[in-house]
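Colleague: Here is a sequence with its predicted model. Questions after.
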Amino acid sequence: MASLEAFADRTSYAPGEAVRIAAVITIEDGWHIQSNTPSFDYLIPTEIAFELPAGWPRPEVHYPDHVMWEFGFSEELLAVYEHETVVHADLDLPADAPAGAVDVSAELTYQACDDIQCLPPVTAEATVQLEIGASGEPTGHPAFDAPPAGSDGASAGAIGLFAALIPALLGGLILNGMPCVLPIVSLKLFGLAQASGRPRREITAGALMTTLGILVSFWVLAAATLLARSAGQAVGWGIQFQNPLFVTFLVLVLTLFTLNVWGLFEIQLPHAMTNRLGGGRSEGYSGHFFSGVFATLMATPCSAPFLGAAVGFALSQPGTTIVTVFTAVGVGLAAPYLLLAAVPNAVRMLPKPGEWMATLRGIMGFLIAGTTVWLLYVLAAQMDSARLAFVEIGLLVLALFIWLQGRAQRTAPRILERLGAVAAAVFVLVLANGAPALSGGGGSGPATQHVLNWVPFDPVQAETLAEEGRLVFVDVTADWCATCKVNERLVLETEETAALFTRYDVVAMQADWTNRDDGIARYLASFGRYGIPFYALYRPNQEPHVFSELLRKGRLEEAIRSSAGGEVAAQ
């Protein structure tokens, strides 16, 4: 199931010189071998032992990073190696090593698994000859081109990490213009307009607190991703929206946000805390911080150009890389506030406060309410209609109690109405927590009328049709993915695209990732992607063409025309 070869990095070595050996493990298609750090104690780790002459120091062995793979016999992902993987070993020759040829044996112990079973552990052997004498030239073997993986993972993928930081920064910046984030950005602009004329120190501190809220949120997301991956769960950008409890919690938060913006209630803090957080009339440091938190939460169901590649790279790397890339995305999302902190006088470019601000406040409330309606649409695909109706009734009761407590003049009724609001919120969350898991869809797509004739998603059928000479367009979407819906509205579900697909006999496949579907998660991971939207065009005798997250009609048509060789399919 696996074979082993060993190579030296130089043609010969002088005594006392450093030696690097590359042990190349080639794994047959359809098989995986356990990682050197397997997911469970009862699994057999992959290990390589080197047999050296007496008196030589033990080599320092560097195992590569593993991938997480789901097998048919296990409900949890397992840490494995696949295809070809390289283990490096470093050692220093003894200063008194005699000249001549020395054979170094390497013995590989591994446990191979396919989708049905894991086999008993077996061994494979290889030998590499070290020539000791004068210092020689590098062998130039490609096994030494790959960056060696240290036990701490710090050196692995260093160049790839640097290349991923710029897309991460740009992707985070572009998220500010995505429909998921615009309502929260609008609310923040309202706060900035109010800050016009305030001391520079206050404006700078508010912008930095918003930045801190964004960065802390991304660090929490990175930590949650690492915990989920260590527990064998699928990871991806925005997949928390597959959890109806999380979506319902966000609906509650945005409902309260909307009522607050409309002036139905104010969050009253103790006087001492209000002064410490930034003063009674200002938004306060806590307000700036949590606006950054909510901007991050609303950004996660969106994808943007550059973001998919950066996050996809990070999620396949060690934990330090995930934290670094997520931090870069957070810095990109916080870039406007960092700019404001650096140039606080920029708030003077905003119109002066006046009556127009009351109108703007109301409009922003409607924008946030619209986001709440969108999240209820997401919930409609995650729970049955009766349960969703009770959730909506609970939200109305919550709003009613908040409205009543705002009108109450006496303390006792206000306390009772606040308790009623809390009870309504708990009722809504309990309903969401008890919602049975619905099917992920996985290809049937939404039960609405479409301009394109979508067929159920089947990656095997897509490859088969491409081998037969057909073009297959795959769309991975979800109800919670706002960018997906914009692309569908403006590009895919149009008469022009339908005519283009008909002209070139393109098969349209749609995968619905609204609810959890590990098969779709593995499909995305096979392309190095962990978020949506995702679009791929399967072509005869070519690798699938992967499109940008923001789909354009011109590029879609160009890809289809070139893949079809400019020829119209026979009708």
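Modeller: Structure's in. What do you need?

Colleague: where in the stretch 451-571 of the chain is pLDDT low?
Modeller: Within the stretch 451-571 of the chain, the stretches with pLDDT under 70 are 566-571.

Colleague: Can you list the low-confidence ranges for the stretch 1-150 of the chain?
Modeller: In the stretch 1-150 of the chain, residues with pLDDT under 70: 41-42, 73-75, 146-150.

Colleague: If we use 50, what do you get?
Modeller: 148-150 (pLDDT under 50).

Colleague: do you know how far the closest residue to C118 other than its chain neighbours is from S35?
Modeller: Of all residues beyond its chain neighbours, the one nearest C118 is Q111 (5.9 Å), with distances taken as C-beta to C-beta, 6 or more residues apart in numbering. Where C-beta positions appear, they are placed from N, C-alpha and C, glycine not excepted. When C-beta to C-beta, to the nearest Å is applied, the distance between Q111 and S35 equals 10 Å.

Colleague: Name the residues contacting each of the two.
Modeller: T46 (C-beta atoms under 8 Å, 6 or more residues apart in numbering).

Colleague: can you pull the contacts of the residue nearest to C118?
Modeller: Applying C-beta under 8 Å, 6+ apart, the residues near Q111 are 33-34, 43-44, 46, 118-122.

Colleague: Pick the one among those residues closest to N176.
Modeller: N176 lies nearest to Q34 out of the contacts of Q111, by C-beta to C-beta, at 43.3 Å.

Colleague: That closest one: neighbouring residues, count only.
Modeller: The tally of other residues near Q34 (other C-beta atoms under 10 Å) stands at 24.

Colleague: Same check on I214?
Modeller: A count of nearby residues for I214, using other C-beta under 10 Å, gives 28.

Colleague: can I assume it sits in a helix?
Modeller: Yes. Judged by DSSP: H, G, I helix; E, B strand; the rest coil, I214 forms part of a helix.

Colleague: G330 is in contact with that one, correct?
Modeller: Yes. Contact criterion C-beta atoms under 8 Å: I214 and G330 qualify, at 5.0 Å.

Colleague: thought Y81 was touching W31?
Modeller: No. Y81 is beyond contact range of W31, at 10.1 Å (criterion: C-beta under 8 Å).

Colleague: So these two - more neighbours on which side?
Modeller: More neighbours surround Y81 than the other of Y81 and W31, with 24 against 16 (other C-beta under 10 Å).

Colleague: Phi first, then psi, for the closest residue to the more buried one other than its chain neighbours.
Modeller: Nearest residue to Y81 in three dimensions, chain neighbours excluded: I33, at 5.2 Å (C-beta to C-beta, 6+ apart). I33 adopts backbone torsions of phi -120, psi 150, taken as degrees, to the nearest 10.

Colleague: which residues touch I33?
Modeller: Counting by C-beta under 8 Å, 6+ apart, I33 touches 1-2, 25, 27, 46, 80-81, 110-113.

Colleague: mind checking how far it is from A22?
Modeller: 17 Å.

Colleague: what do you get for V460?
Modeller: Distance, V460 to A22, by C-beta to C-beta: 35 Å.

Colleague: Looking at these two, which is more packed in?
Modeller: Neighbour totals were compared for V460 and A22, and A22 leads with 22 against 7 (other C-beta under 10 Å).

Colleague: so that one makes contact with V86?
Modeller: Yes. Contact status for A22 versus V86: in contact at 5.5 Å, counting by C-beta under 8 Å.

Colleague: Overlap of the contact sets of the two?
Modeller: By the contact definition C-beta under 8 Å, 6+ apart, A22 and V86 are jointly contacted by A143.

Colleague: The residue nearest to C118 and M1, how far apart?
Modeller: 9 Å.

Colleague: again, but for E488
Modeller: Per C-beta to C-beta, E488 is found 44 Å from M1.

Colleague: Looking at these two, which is more packed in?
Modeller: A direct count of neighbours by other C-beta under 10 Å for E488 and M1 places E488 higher, at 22 against 17.

Colleague: For L550, see how far away the more buried one is.
Modeller: Distance, E488 to L550, using C-beta to C-beta: 12 Å.

Colleague: just G206 next, same as before
Modeller: Using C-beta to C-beta, we find G206 at a distance of 31 Å from L550.

Colleague: the more surrounded of those two?
Modeller: The residue with more neighbours, out of G206 and L550, is G206; 29 against 17, by other C-beta under 10 Å.

Colleague: Just the pLDDT at the more buried one, thanks.
Modeller: We have a pLDDT of 82 for G206.

Colleague: re earlier: need the overlap of contacts for I214 and G330.
Modeller: Both I214 and G330 are contacted by T296, under the criterion C-beta under 8 Å, 6+ apart.

Colleague: Would you mind listing the buried residues in stretch 56-75?
Modeller: Residues of stretch 56-75 classed as buried: 56, 59, 61-71 (neighbour count, 16 or more other C-beta atoms under 10 Å).

Colleague: Could you pick out which of those are located in strands?
Modeller: 61-62, 67-69 (DSSP state E).

Colleague: the strands in the stretch 351-500 of the chain, which residues?
Modeller: Secondary structure of the stretch 351-500 of the chain (DSSP state E, counting those that start in this stretch): strands at 454-456, 471-477.

Colleague: contacts for the longest one?
Modeller: When contacts are taken as C-beta under 8 Å, 6+ apart, the neighbours of strand 471-477 outside the stretch itself are 445, 454, 457, 459, 462, 465-466, 484-485, 488, 492, 501, 504-513, 520, 523-524, 532-540, 544, 560, 563-564.

Colleague: ok, now stretch 385-405?
Modeller: By C-beta under 8 Å, 6+ apart, stretch 385-405 touches 248, 251-252, 255-256, 259, 264-265, 376, 379-380, 383, 413-414, 417-418, 420-421, 424-425, 427-428, 431-432, 434-435.

Colleague: again, but for stretch 43-54
Modeller: Under the criterion C-beta under 8 Å, 6+ apart, residues 4, 21, 23, 25, 33-38, 58-59, 61, 63, 78, 81, 87, 89, 91, 102, 104-111, 118, 121 lie in contact with stretch 43-54.

Colleague: so which strand or helix has P53?
Modeller: Following DSSP states H and E, there is no helix or strand that holds P53.

Colleague: picking that back up, which one of the buried residues of stretch 56-75 is nearest E131?
Modeller: Nearest to E131 among the buried residues of stretch 56-75, with distances taken as C-beta to C-beta, is W56, at 15.3 Å.

Colleague: from memory the closest one sits against D92, does it?
Modeller: No. Using C-beta under 8 Å, W56 is not in contact with D92, being 9.0 Å away.
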